[in-house]
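>>> using only what follows, build the 3D model:
(one chain, ligands or ions: 2)
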Amino acid sequence: MMEDVDDFCFDLPKIELHAHLNGSLSDQCLKKLNCMDESTKEYKRIADVLDKTERTLTECFEVFNIAHRATNTVDAVYKATQSVIRDFYLNDHVVYLELRTTPRAEEGMSKEDYVSAVVRAIKENNLEIIVKLILSIDRRHSTEESLDTLNVILKMKTKYPDVIVGIDLSGNPHEGKFNVDLFQKARDNGLKTSIHCAEIKNDEEVENILTFGPDRLGHATFLHPSFGGSQSNWDIYCKKKIPVECCLTSNVICGTSKSFQEHHIREWIKSSLPFCICTDDKGVFCTSLKKEYEMVVEHHGLEPKDLWQISYNTVDYIFASDEIKTRLKVKLMNWYNSHEDELFNSD
Ligand SMILES: CNc1ncnc2c1ncn2[C@@H]1O[C@H](COP(=O)(O)O)[C@@H](O)[C@H]1O
Ligand SMILES: [Zn+2]
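Ligands and ions are numbered 1, 2, ... in the order given. All right, here's what the predicted structure looks like:
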């Protein structure tokens with residue numbers, strides 16, 4: 001039976017809306033891109049971390065650093081993007097992907113160069129997967145640095161309006177804070193917004209984010225009152241019903257969710273609130289979108305038909321045009337029709 005679920009979770013056309021580029025790189029890709037001296041202690045430490053299938057939070061953040069060192073040239077950023085797109089399509093059957101990444105300057109590469117390399121890889125993709133880009137602001141950065149990044153983002157959005165669709169706030173949730181002016185400016189310039197929200201308990205910031213009302217929320221771990229959120233914030237949330245990007249493995253490995261079963265997704269399932277299932281950092285957390293769907297079946301008692309419905313509902317939360325939404329819905333309906341007998345009427 002489990003094997004059937006496994007096949008089903010792969011085969012179902014899926015939509016991935018929360019994937020950080022540098023956290024999504026496979027170990028093979030990282031090893032290939034990393035041109036460090038293999039004889040150094042540092043290389044050995046990295047190799048040890050990469051060989052582990054389970055990582056602590058500290059080790060996870062080490063992997064972000066490794067990834068950043070591996071993607072420090074235009075060519076490496078281009079190849080990394082290409083590799084992540086291929087991986088999502090070939091190994092996960094993702095048909096629509098919103099990749100997100102933080103514009104980063106390195107020696108010999110400006111933030112604009114970085115974004116252009118990502119966009120080039122997206123535009124040259126000829127697989128049957130539609131890819132759009134969300135650009136991230138790192139909450140650890142100063143207001144000045146964040147403003148600089150926002151200006152780059154707006155400039156790049158004007159240059160590549162068909163690829164760049166949104167803006168995100170991410171980074172270590174213990175540092176920095178949500179700056180409403182920045183995101184209002186992004187919104188005024190036509191960008192959709194997805195904000196990492198309530199990854200740790202922080203009712204004041206959560207209230208500011210909810211009042212702003214992003215188009216989607218990342219995680220929302222400590223939002224529901226049963227999970228430590230305040231009742232007043234929950235009341236605001238219930239009025240707005242903003243779709244939440246749920247990343248189960250990421251939350252369990254980081255220890256913000258106690259277990260797969262005690263994940264806050266259960267409240268969204270129970271009350272039919274809007275959510276989608278995402279990977280966050282498939283490389284860092286050794287996961288895949290297929291596995292995330294399997295976890296929801298295993299720990300939240302859903303049936304294959306429910307998974308199809310989740311994928312179908314997710315179409316409404318994407319940042320792309322209505323024309324793309326219609327195309328994706330047709331694809332999912334066709335898939336449903338061709339699998340109906342074997343998968344939905346088995347009893
Ligand atoms: C585990 N939960 C998380 N919470 C917050 N931010 C996260 C994250 N996972 C990833 N990032 C953000 O994404 C960056 C890596 O991808 P990019 O260099 O942008 O492609 C990390 O440095 C962090 O800022
Ligand atoms: Zn994230």
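>>> after the helix or strand of the chain with the lowest mean pLDDT comes which helix or strand?
The weakest-scoring helix or strand in the chain, judged by mean pLDDT, DSSP states H and E, is helix 41-51 (a mean of 68). Going down the chain from helix 41-51, the next helix or strand is helix 57-70, by DSSP states H and E.
>>> starting at the chain centroid, how far to that following helix?
Here the centre of helix 57-70 is set off from its chain's centre by 17 Å, with CA atoms, centre = their mean, to the nearest Å.
>>> one more: stretch 221-235?
Worked out by CA atoms, centre = their mean, stretch 221-235 lies 22 Å from the chain centre.
>>> cool, and stretch 270-290?
The answer for stretch 270-290 is 8 Å, by CA atoms, centre = their mean.
>>> and the stretch 201-347 of the chain, which residues reach ligand 1?
250, 254, 280-281 (CB under 6 Å from any ligand atom). Where C-beta positions appear, they are placed from N, C-alpha and C, glycine not excepted.
>>> which of those has the weakest pLDDT?
The lowest pLDDT within these belongs to Cys254, which sits at 87.
>>> what about it, how many neighbours?
Each residue near Cys254 was counted by other CB atoms under 10 Å, and the total is 23.
>>> repeat that for Tyr89.
For Tyr89, using other CB under 10 Å, the count is 17.
>>> what's the answer for Cys286, then?
Cys286 has 16 nearby residues by other CB under 10 Å.
>>> secondary structure element for it?
Counting by DSSP H and E, Cys286 is part of no helix or strand.
>>> is Asn337 in a helix, a strand, or coil?
helix (DSSP: H, G, I helix; E, B strand; the rest coil).
>>> measure it to ligand 1 for me?
Applying CB to the nearest ligand atom, to the nearest Å, the value for Asn337 to ligand 1 is 37 Å.
>>> how about the strands of this structure, start to end?
14-20, 94-101, 130-138, 164-170, 192-197, 216-219, 244-246, 275-277 (DSSP state E).
>>> let's have the ones you listed in JSON lines, adding mean pLDDT and mean neighbour count.
What follows is the strands of the chain, written out as JSON lines (pLDDT from 0 to 100; neighbours: other CB atoms under 10 Å):
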{"stretch": "strand 14-20", "mean pLDDT": "98", "mean neighbour count": "26"}
{"stretch": "strand 94-101", "mean pLDDT": "98", "mean neighbour count": "24"}
{"stretch": "strand 130-138", "mean pLDDT": "98", "mean neighbour count": "23"}
{"stretch": "strand 164-170", "mean pLDDT": "98", "mean neighbour count": "26"}
{"stretch": "strand 192-197", "mean pLDDT": "98", "mean neighbour count": "25"}
{"stretch": "strand 216-219", "mean pLDDT": "98", "mean neighbour count": "27"}
{"stretch": "strand 244-246", "mean pLDDT": "99", "mean neighbour count": "27"}
{"stretch": "strand 275-277", "mean pLDDT": "98", "mean neighbour count": "24"}
